[in-house]
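A.B. asks: Give the three-dimensional model of this entry:
(chains A and B)
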There are 2 protein chains.
Amino acid sequence: MDDRIRRHAEVLVDYCTEIEPGDAVLVRAPTAAEDLVVALYERIGERGAHPVTEWLNPRAGRAYARAMDPDDFDTKAHQLATMRETDAVIMIKASENAAEGSDVDPAKSQPSSRAKQPVLQERLETRWVITQHPAPRDAQRAEMSTAAWTDYVYDAIDRDWAAQRERQQRVVERLDDAHTVRVVSGDGTDLRLSIAGMTTINDAGKRNMPGGEVATSPVPDTVEGEIRFDVPLYRHGREIRDVRLVFEDGIVVDHAATHGADALRSLLETDDGARRVGELGVGMNRGIDCVTDNILFDEKMGDTVHLALGNAMEECVPDDRPFNESAVHADILVDVSHDSRLEVDGEVIQRDGTFWFEAGFDEAS
Amino acid sequence: MDDRIRRHAEVLVDYCTEIEPGDAVLVRAPTAAEDLVVALYERIGERGAHPVTEWLNPRAGRAYARAMDPDDFDTKAHQLATMRETDAVIMIKASENAAEGSDVDPAKSQPSSRAKQPVLQERLETRWVITQHPAPRDAQRAEMSTAAWTDYVYDAIDRDWAAQRERQQRVVERLDDAHTVRVVSGDGTDLRLSIAGMTTINDAGKRNMPGGEVATSPVPDTVEGEIRFDVPLYRHGREIRDVRLVFEDGIVVDHAATHGADALRSLLETDDGARRVGELGVGMNRGIDCVTDNILFDEKMGDTVHLALGNAMEECVPDDRPFNESAVHADILVDVSHDSRLEVDGEVIQRDGTFWFEAGFDEAS
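C.D. replies: The predicted structure is shown next:
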């Protein structure tokens, strides 16, 4: 076994989820992640904790979704019961075929997502992490060889997370006291939103491995303007390309995509919350140096900003602030490395990918 | 997909577990059974029920068991919670490597099995079935080509279960009113036991697919004599060959094996119940015509008898009769096709593999 798999398991168990003796650990993994599951079981055993693995199987999921009457989707009582007794969840991504859901009627994704909502809520109460195991099919999507993709994944994971956390903390503190944020990029993006009273979080690899993002939730009704996303979104096996959204009073009032427009519409129609923004994120992991059509990596890439349609992040929204609730949480990305600026309360904090505390900020156009 | 996989799924969902709309279904499956899992999800979707799959991964299980301190094994709270909310369990056997557990200290199997006991008890409250998906590694163990093994598996499953049930019912009725059973075979086996007051069950494919066995539980203290098993037992990846057991007052007082004697000892030492007999079974599926070192098939083979060390069968033991409780249930097989007889209350009901109601019974020696 590649020793990096074992180190990855150690990071997940020791750093991300801080597994303790006796913890009930739920691993959710697809077939292609088997090696990492084996390494995890070894590490979880060394910790004296108790793992169970839920097999994520997109082929089976497709067969099920096609066979189901949309009215029959319902929360799985046993899956919910599992989550209620789970202390930590380690979710592993690794595709056999990212297009497995491409011949499922998109109309089925709404009742399916809605049925999963209570399980998702319960999972957010655990110590959870999402990670990636390098598999050939994801390499293909990244247009890389399997070896190059494997290096890319482990290079993004094998980092000095303490230093990363410190750098991100400067942005966290800037956003935490702020009221308004404005994102301007090229001709297509000029978005304003309020984050007043929200809490900004520092994701330095706890919830996502790799981590490397600073995130908060906007006040739902305050999102105004338009945004054009540079990176495709994958949704239930469908690619949605060149997404353009127009917001008024926090709600998507116009939308377009050059590819996968029906999947975008289905996403937006999941529920009321799916037409609103649940998250504003700033990617700060410069170890990730290119987009690979994999949101776990792309959203952490340095010099990017992303919004998520749908469910807000619980830890960002204090009890007295409005929480955008939805069965979906779909991240979409904007490249802000050039012809762009990020403003906080009218002050530019990043210009063309350079933060105010970095060399070259004053010289940027 | 081989159409027999789809028919297998239909039998499991429609006949064995009688899945209804809204049922919470737990599938427990290893990697090699993926095709059957896909077919099951399709059928479960057609029924409007809700499946979750627990991934059985012997490589991960080995890594975990090796890493764990024996004192740290405990019932998995989330696994138990799952089972409590589960209506039906479909367990699929399909090996990647049947020897995966061969380098785990056998002493670890006891605390591991004990920890699983509450989950096992809870599973017995559901509508459950154990079945086999044909995989190359099991074919190797059966010393068959993959194609021949696949035919063997589906031939044993694609049967007229109504006719099978009727034939078995004659033996059920004979045993149900009986007091003593005696099994004599060759020089090595002469075993007597009481089944007074116990209930005999007719397994025609409900709990095991393939089915084809008549089974009951002996009164634990009444097992006397010696028995020599003709077919190897596999236990945590170890082969135990030529098992010989001597019983006094229902307890194993002497034991031997030509191979795997330490694994046999570990099995017997799991708990008090592991040294007693929990089941007496009669194999009646003549569609299974040879031993393949796979207990799911071997124990159903016509003209065989098997005992299980360990946990009794709940449905065989009325509340007022003694129940043998154990964390293990290990079936071991005796060929009674020749030089053998099965007696019930002193009367021969099977001689050299021929039942009293079958042609040739009177002529048998």
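
A.B. asks: Report the secondary structure state of the closest residue to chain B within the stretch 251-365 of chain A.
C.D. replies: Of all residues in the stretch 251-365 of chain A, residue A:327 sits closest to chain B, at 16.3 Å by C-beta to the nearest C-beta. To be clear about C-beta, it is placed using only N, CA and C from the backbone, and glycine gets the same treatment. Here residue A:327 is coil, with the state taken from DSSP: H, G, I helix; E, B strand; the rest coil.

A.B. asks: burial measure for it, as a count.
C.D. replies: Residue A:327 has 22 neighbouring residues, counting by other C-beta atoms under 10 Å in any protein chain shown.

A.B. asks: Need the distance between the two termini of stretch A:16-24.
C.D. replies: Its start and end residues considered, stretch A:16-24 measures 15 Å (C-alpha to C-alpha, to the nearest Å).

A.B. asks: now check it, is it near chain B?
C.D. replies: Yes. Using C-beta under 8 Å from any C-beta of the partner chain, stretch A:16-24 reaches chain B at A:21, A:22, A:24.

A.B. asks: Restricted to strands, list those.
C.D. replies: residue A:24 (DSSP state E).

A.B. asks: Redo the residues of stretch A:16-24 next to chain B as TSV? Include distance to residue A:274, neighbour count and pLDDT.
C.D. replies: Listed next are the residues of stretch A:16-24 next to chain B as TSV, based on distance: C-beta to C-beta, whole Å; neighbours: other C-beta atoms under 10 Å in any protein chain shown; pLDDT from 0 to 100:
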residue	distance to residue A:274	neighbour count	pLDDT
A:21	40	11	97
A:22	38	13	97
A:24	31	23	98
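
A.B. asks: so which of the residues of stretch A:16-24 next to chain B comes closest to chain B?
C.D. replies: For those, the minimum distance to chain B (C-beta to the nearest C-beta) is 4.3 Å, reached by residue A:24.

A.B. asks: From residue A:195, how far out is the closest one?
C.D. replies: In this view, residue A:24 and residue A:195 are 35 Å apart by C-beta to C-beta, to the nearest Å.

A.B. asks: got the contact list for the closest residue to chain B within the stretch 51-200 of chain A?
C.D. replies: For the stretch 51-200 of chain A, the residue closest to chain B is residue A:67, as judged by C-beta to the nearest C-beta, at 2.9 Å. Applying C-beta atoms under 8 Å, 6 or more residues apart in numbering or on different chains, we find residue A:67 in contact with B:41, B:42, B:43, B:44, B:45, B:46.

A.B. asks: List the pairing partners of the lowest-mean-pLDDT helix or strand in chain A within its sheet, with orientation.
C.D. replies: Ranked by mean pLDDT, DSSP states H and E, the helix or strand of chain A with the weakest confidence is strand A:233-235, at a mean of 79. Strand pairing for strand A:233-235, using DSSP bridges, gives strand A:238-240 (antiparallel).

A.B. asks: buried residues in the helix or strand following the strand it pairs with?
C.D. replies: Using DSSP states H and E, the next helix or strand after strand A:238-240 towards the C-terminus is strand A:244-248. Applying a neighbour-count criterion of 16 or more other C-beta atoms under 10 Å in any protein chain shown, one finds A:244, A:245, A:247 buried in strand A:244-248.

A.B. asks: Stretch A:55-73 too?
C.D. replies: Using 16+ other C-beta under 10 Å as the burial criterion, the residues of stretch A:55-73 that qualify are A:55-68, A:72-73.

A.B. asks: Pick out the most distant pair among these.
C.D. replies: Spatial extent of the buried residues of stretch A:55-73 (C-beta to C-beta) is set by the pair A:55 and A:72 at 21.6 Å.

A.B. asks: where does chain A have low pLDDT?
C.D. replies: For chain A, the stretches flagged by pLDDT under 70 are A:363-365.

A.B. asks: domains of it?
C.D. replies: With domains defined by automatic domain parsing, chain A comprises A:3-157, A:161-355.

A.B. asks: can I get those in JSON lines with distance to residue B:253?
C.D. replies: Converted to JSON lines, the domains of chain A look like this (distance: least, C-beta to C-beta, whole Å):
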{"stretch": "domain A:3-157", "distance to residue B:253": "36"}
{"stretch": "domain A:161-355", "distance to residue B:253": "55"}
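
A.B. asks: which one of those domains lies closest to residue B:110?
C.D. replies: Minimum separation from residue B:110 across these (C-beta to C-beta) falls at domain A:3-157, 16.3 Å.

A.B. asks: ok, residue A:132 - how many residues close by?
C.D. replies: As a burial measure, residue A:132 scores 27 neighbours (other C-beta under 10 Å).

A.B. asks: next one: residue A:301
C.D. replies: Residue A:301 has 25 neighbours, counted by other C-beta under 10 Å.
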